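Enquirer: Fold the following.
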Amino acid sequence: MTYFEELQKRVEETCKCEAVHEQTVSVTETHADRIVWMGDVQVFRLNGNPKAKVCYAWGHPIETGPREITTVLEIPPVRSAADAVRVAVAGFARGH
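Expert: As a prediction, the model looks like this:
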């Protein structure tokens with residue numbers, strides 16, 4: 001399974017609907033003039049999700065198992081790939 005297929009599968013499982021890849025957005029998130037996250041976010045159009053029309057997803061391999069994948073729905077305050085990363089980084093910092 002390719003990286004995109006893996007992300008799409010996770011988005012579809014999480015959102016319980018069809019997901020269609022729309023684009024890749026490069027994001028760099030900084031805090032106190034330091035880069036805290038940098039990478040590509042995949043944007044998926046959701047067909048049939050009652051809460052959102054878009055889901056943002058990205059992943060990275062971990063040594064002890066399968067790739068760690070993050071998904072974030074486009075629900076306010078999330079309105080862009082950068083917002084999705086910001087929310088995920090803040091959640092990670094708080095231990096969620």
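Enquirer: Helix, strand or coil: sort out Glu12 for me.
Expert: With DSSP: H, G, I helix; E, B strand; the rest coil as the basis, Glu12 sits in helix.
Enquirer: tally of neighbours for it?
Expert: Glu12: 18 surrounding residues under other Cβ atoms under 10 Å. Using the backbone N, CA and C atoms, a C-beta is placed for each residue, glycine as well.
Enquirer: Likewise for Ala19?
Expert: 26.
Enquirer: Hmm, Ile35 is touching Val27, no?
Expert: No: the criterion here is Cβ atoms under 8 Å, and Ile35 misses it with Val27 at 10.6 Å.
Enquirer: Residue ranges in this protein under the pLDDT threshold?
Expert: Residue ranges of the chain with pLDDT under 70: 92-96.
Enquirer: State the distance from the residue positioned nearest the centre of the chain to Arg34.
Expert: Centroid check for the chain by Cα atoms, centre = their mean gives Ala57 as the closest residue, at 2.4 Å. Distance from Ala57 to Arg34, counting by Cβ to Cβ, to the nearest Å: 24 Å.
Enquirer: Repeat that for Val89.
Expert: Distance check for Val89 against Arg34: by Cβ to Cβ, it reads 12 Å.
Enquirer: Could you check which of these two has the larger neighbour count?
Expert: When Val89 and Arg34 are compared for neighbours, Val89 comes out ahead with 15 against 7, by other Cβ under 10 Å.
Enquirer: secondary structure class for that one?
Expert: helix.
Enquirer: quick one: which of Ile35 and Val27 has more around it?
Expert: Val27 (18 against 9).
Enquirer: helices or strands up against the helix or strand harbouring the more buried one?
Expert: Element membership for Val27 (DSSP states H and E) is strand 18-31. The helices and strands touching strand 18-31, judged by 3 or more Cβ pairs under 8 Å, 6 or more residues apart in numbering; DSSP states H and E, are helix 3-15, strand 34-47, helix 81-93.
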